[in-house]
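Participant: quick one: sequence plus predicted model below, questions after.
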Amino acid sequence: MAKGETDVKQYVDAVINETKPGLDEHQKRVKRYDKSYDVYRASEPNPASLEPWQSKLRVRYGMQVIDTAMVNMASGRPRCKVYARTPDYANKARCFQLVMDYYAGQDHLWEKQPVIVQQGLIYGITVGKTMWKYEETDRIVKGYDEAGNPIVSNETVTLYDGPSIEPWDVYDAWWDPNGRDVDTCSYVVLRSWLTKEQLLDKQCSNTGAHHPHECDGLYHNVDKLIQAGATEKPDLTAQDRALGGKSTQVKGRYEVWEVWRNDRLTVIGNQTILLRDVPNPHWHGKKPVVIAATRPDLFKVQGIPETELVDHLQQAMWTVQNRRMDMENLTVMPPLTYREGGIQDPNQLMLRPRAKWAVTDHDDIKQMVIQPLPPEAFQEEQALLGQLQYVTGINPYITGATQSGGADQNTATGVNILNEVASRLLQFKAKQIQYGIWQRTFEQWGNDIQQFMDKPLWVRITGPSGEAEYTEVSPQDVVGEFDFILEGTEDSLSKQQERADTVGLLNALAPFIQAGIVNPKPLAERIAKLPPQSVRETKKLLNSTLQHAMSTLLDPAIATETESFDEPAFRANLERMRQRKSG
């Protein structure tokens, strides 16, 4: 911060010019973001040419598709496994694992995962910022002195001191347009909207030239930024318009850019005032930004939103539905013809029960005959729904429905085809989030823990019988070289796929099993290895004859037990079979 005023202004202008190509591309993307959100919420206005009597039905197919994908992709809790790179750090890997699990719980990663996944599905890209977060507050503490008199005092307590990830709004993030991912981008800009109080709370009180290590705050020149005034509100987003009001999110706030490069951080307020310019404060030497696209686009950071697959099909289904509704209205309340001069005031001819119309001749008024819709008009919607399921991979089997516009779900082959394709597609999207967001997050967390953890940490371990044990981990216990391998985020999808494959195989082989042609023993062993919930769900999907055959396969003595088709019974039977073989 030792630059002169002229040098500082030139430096700020240089940074703004450097990031301008990314901002220009971002402004184009914002229009696509708005379009994507309108498709998701079905919030685009109806054409002004519609008459009041015309149907305005708008079923939110896009929301159903995206929400179904989201609940299947965001059902697991992100967790990483810590491995030592060399035998020298094998004992410390367990301590590091305890620390990582503790912070994953404290930062409530399971609450942030749906936001990250939903944003990626709607906009085609999702962004997060990793950081070391420190929060403290003052609270009133009650106590007693030596004489037993009550004492009330103020005490500063630490609310959080550890790694964190913040889901970032894609409207406030842009990057080098020539980059293919975060690593190849020369810069990534994260925009914040801070209040006056937030700026003052992060202000450095040291004035004049000083080393960054001597700063007791993050920002300089805060007074200049406040004097310049708050930033004007940007244009309303599609979400603001859908919520039916003007955006007050940035009213009275100040625009702050964080320009991250691998080797440097530059913070600029209102695009004119330099607030901070320091070497990258993270030892890992990377931008603390994680970005993922659920459906990648070739050599681009920005991916393809799911709404692009839904948009035209959703509009086509609206058109078909509304035209059919309009035709039904015309069929129920058809237009009338009247003889000119025979009716004094045609506006009084109200079509309603027990209506009375004064006419001089019964031929003065006639109803027009409206031809009913052909069957093809009702089949068209089903065909469009089948196409929607085909292009998105969200078929009725995934959503829990029983009918499909595509493959026949009344056959084992049809069910297996639908589920296999959809599960693979969902797994691919989940992996994009897994490796683009959570894997990189835990890698940066690991480095930040080694850098910023400065005091011992007590962690609670729950034993097999539920008892709690407490272990103290010191900063020295996490020093070393480790690998952080993500696990747990795909468990739900993997179990669904495994169960679906098993059910499909059982249904396909059911006639051969009942005829005694196929040995069902390997299938029984495969079912026994499934989780208990999957075993119970598999039981529901099998017919009663096949259930009985599988239940009595290994031990006829349990033939009368109607609930024997469960994991414990299978495992007990398998053990008895092994004992008989060994004996």
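Facilitator: Received the coordinates, thanks.
Participant: hey, let's count contacts and neighbours off CA atoms from now on
Facilitator: OK.
Participant: where along the stretch 251-400 of the chain do the helices fall?
Facilitator: Using DSSP state H, counting those that start in this stretch, the helices assigned to the stretch 251-400 of the chain run over residues 307-332, 375-392, 396-399.
Participant: max-length helix in the protein?
Facilitator: In the chain, with assignment by DSSP state H, the single longest helix is helix 5-41.
Participant: give the other helices and strands that that helix contacts.
Facilitator: On a contact count with 3 or more CA pairs under 8 Å, 6 or more residues apart in numbering; DSSP states H and E, helix 5-41 meets helix 61-73, helix 109-123, strand 173-175, helix 238-242, strand 273-279, helix 307-332.
Participant: in it, what counts as buried?
Facilitator: Neighbour counts using 16 or more other CA atoms under 10 Å place 8, 12, 15-16, 19, 22-23, 26, 29-30, 32-41 of helix 5-41 among the buried residues.
Participant: ok, stretch 129-141 next?
Facilitator: Across stretch 129-141, burial judged by 16+ other CA under 10 Å covers 129, 130, 131, 132.
Participant: next one: stretch 63-78
Facilitator: The neighbour-count criterion (16+ other CA under 10 Å) identifies 63, 65-67, 69-70, 72-78 as the buried residues of stretch 63-78.
Participant: with stretch 313-329 instead?
Facilitator: Under the neighbour-count criterion of 16+ other CA under 10 Å, stretch 313-329 has 313-327 buried.
Participant: list the contacts of it.
Facilitator: The contact list for stretch 313-329 (CA atoms under 8 Å, 6 or more residues apart in numbering) reads 54-62, 372-373, 377, 380-381, 384-385, 387-388.
Participant: if you set the cut-off to 6 Å instead, what comes out?
Facilitator: Outside of stretch 313-329, the residues within contact range by CA atoms under 6 Å, 6 or more residues apart in numbering are 54, 55, 58.
Participant: what's the pLDDT at the residue lying closest to the first one once chain neighbours are set aside?
Facilitator: Going back to what we said before, that points to residue 54. Closest residue to residue 54 apart from its sequence neighbours, by CA to CA, 6 or more residues apart in numbering: residue 326 at 5.9 Å. pLDDT, the model's per-residue confidence, is 85 for residue 326.
Participant: swap in residue 117?
Facilitator: Per-residue pLDDT puts residue 117 at 94.
Participant: pull the number of nearby residues for it.
Facilitator: Counted with other CA atoms under 10 Å, residues neighbouring residue 117 total 31.
Participant: list the contacts for it?
Facilitator: Not one residue lies near residue 117 by CA under 6 Å, 6+ apart.
Participant: from residue 360, how far off is the spatially most central residue of the chain?
Facilitator: Averaging the C-alpha coordinates of the chain gives a centre point, and the residue nearest to it by CA atoms, centre = their mean is residue 117 (1.8 Å). Residue 117 sits 70 Å away from residue 360, going by CA to CA, to the nearest Å.
Participant: can you pull the phi/psi pair for the residue nearest to residue 113 when sequence neighbours are not counted?
Facilitator: The shortest distance from residue 113 to any residue other than its chain neighbours is 6.1 Å, reached at residue 74 (CA to CA, 6+ apart). Main-chain torsions, residue 74, degrees, to the nearest 10: phi -110, psi 30.
Participant: distance of residue 74 from residue 121?
Facilitator: Going from residue 74 to residue 121 by CA to CA gives 12 Å.
Participant: how is residue 141 classified with respect to secondary structure?
Facilitator: strand (DSSP: H, G, I helix; E, B strand; the rest coil).
Participant: partner residues bridging it?
Facilitator: With DSSP bridges as the criterion, the beta-bridge partners of residue 141 are residue 153.
Participant: from what I can see it touches residue 153, true?
Facilitator: Yes - in this structure, residue 141 sits in contact with residue 153. The criterion is CA atoms under 6 Å, and the distance is 5.3 Å.
Participant: circling back: nearest to residue 468, of the buried residues of stretch 63-78?
Facilitator: Comparing those against residue 468 with CA to CA picks out residue 77 as the nearest, at 21.7 Å.
Participant: you'd agree that closest one is up against residue 108?
Facilitator: No - counting by CA under 6 Å, residue 77 sits too far from residue 108 to count as a contact (9.5 Å).
Participant: from the buried residues of stretch 313-329, pick the one nearest residue 461.
Facilitator: residue 314 (50.2 Å).
Participant: got the contact list for stretch 282-295?
Facilitator: Taking CA under 6 Å, 6+ apart as the criterion, the residues outside stretch 282-295 that touch it are 120, 124-130, 260-262, 303-304, 429, 432-433, 436-437.
Participant: thank you, goodbye.
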